[in-house]
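Novice: my questions concern the predicted model and sequence given below.
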Amino acid sequence: MIHSLLLRCLLFAVLWWVLTEGRIDDWWLGAVAVLTATYVSVILMPAAVHRLRWGEIPSFVLFFLRSSVRGGFQVAIMALRGRAALQPGVLELRLNLPAGGPRVLMINVIGLMPGTLCVELAENRLRVHVLDERLPIETEVSELEARISALFGVGR
């Protein structure tokens with residue numbers, strides 16, 4: 001718990017330092033902002049019960065970059081084809097990740113898949129808006145879920 005609190009405080013302090021371009025003349029205000037942000041983060045997202053497996057981070061980053069580039073190209077191609085070629089819709093998918101960090105990461109990263117956006121998370125169901133229902137979204141979500149499971153060391 002203390003480790004998580006100190007890490008959050010450090011991250012918010014670094015963020016403040018970046019936002020103020022390294023200036024130290026208003027650190028009294030920065031200290032208030034950092035402590036407030038740390039407190040709010042603890043309330044909104046309590047300490048994780050799932051820890052990252054540091055050895056899996058390079059693999060996940062490569063997957064993220066590859067998927068982002070591929071997703072960008074696919075969306076550009078869809079845009080060039082025009083609206084008539086798209087079949088937008090909302091898919092409801094079963095989510096096997098545990099609550100907390102793994103699900104938060106999943107919701108935030110799902111937008112890198114081509115033409116997808118997380119709409120709602122309820123219980124173990126994830127609703128995803130897609131630009132074209134013919135794309136293999138279920139397969140891609142399953143692969144993303146497997147990568148996040150490996151990153152957090154949780155079983156599926």
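Specialist: Looks like it came in fine. Residues are numbered from 1 along each chain as shown.
Novice: which one's the longest helix in this protein?
Specialist: Longest helix of the chain, by residue count under DSSP state H: helix 57-81.
Novice: show me what that one is packed up against.
Specialist: helix 137-152 (3 or more CB pairs under 8 Å, 6 or more residues apart in numbering; DSSP states H and E). Placement of C-beta: from N, CA and C, glycine included.
Novice: buried residues, the helix it packs on. List them.
Specialist: Buried residues in helix 137-152, counted by 16 or more other CB atoms under 10 Å: 137, 140, 141, 144, 145, 147, 148, 149, 150, 151, 152.
Novice: quick one: it to helix 57-81, angle?
Specialist: 160 degrees (axes from the mean of the first three to the mean of the last three CA atoms, to 10 degrees).
Novice: which strands and helices sit next to helix 137-152?
Specialist: By 3+ CB pairs under 8 Å, 6+ apart, helix 137-152 packs against helix 57-81, strand 89-94, helix 101-109, strand 125-130.
Novice: what's the distance between that helix and the middle of its chain?
Specialist: Helix 137-152 sits 12 Å away from the centroid of its parent chain (CA atoms, centre = their mean, to the nearest Å).
Novice: do stretch 118-137 as well
Specialist: 15 Å.
Novice: what residues sit buried inside it?
Specialist: Applying 16+ other CB under 10 Å to stretch 118-137 flags 118, 121, 126, 128, 130, 131, 132, 135, 137 as buried.
Novice: with respect to residue 46, which of those is nearest?
Specialist: residue 121 (17.4 Å; CB to CB).
Novice: show the pLDDT at that closest one.
Specialist: Looking at residue 121, its pLDDT is 87.
Novice: mind checking how far it is from residue 36?
Specialist: As judged by CB to CB, to the nearest Å, residue 121 and residue 36 stand 27 Å apart.
Novice: same check, this time on residue 2
Specialist: On the measure of CB to CB, residue 2 and residue 36 end up 19 Å apart.
Novice: pick out whichever of those two has more residues nearby.
Specialist: When neighbours are counted by other CB atoms under 10 Å, residue 2 and residue 36 differ, and residue 36 comes out ahead with 11 against 7.
Novice: and that one, how far is that from residue 43?
Specialist: 11 Å.
Novice: how many neighbours does residue 62 have?
Specialist: For residue 62, the count of nearby residues is 10 (other CB under 10 Å).
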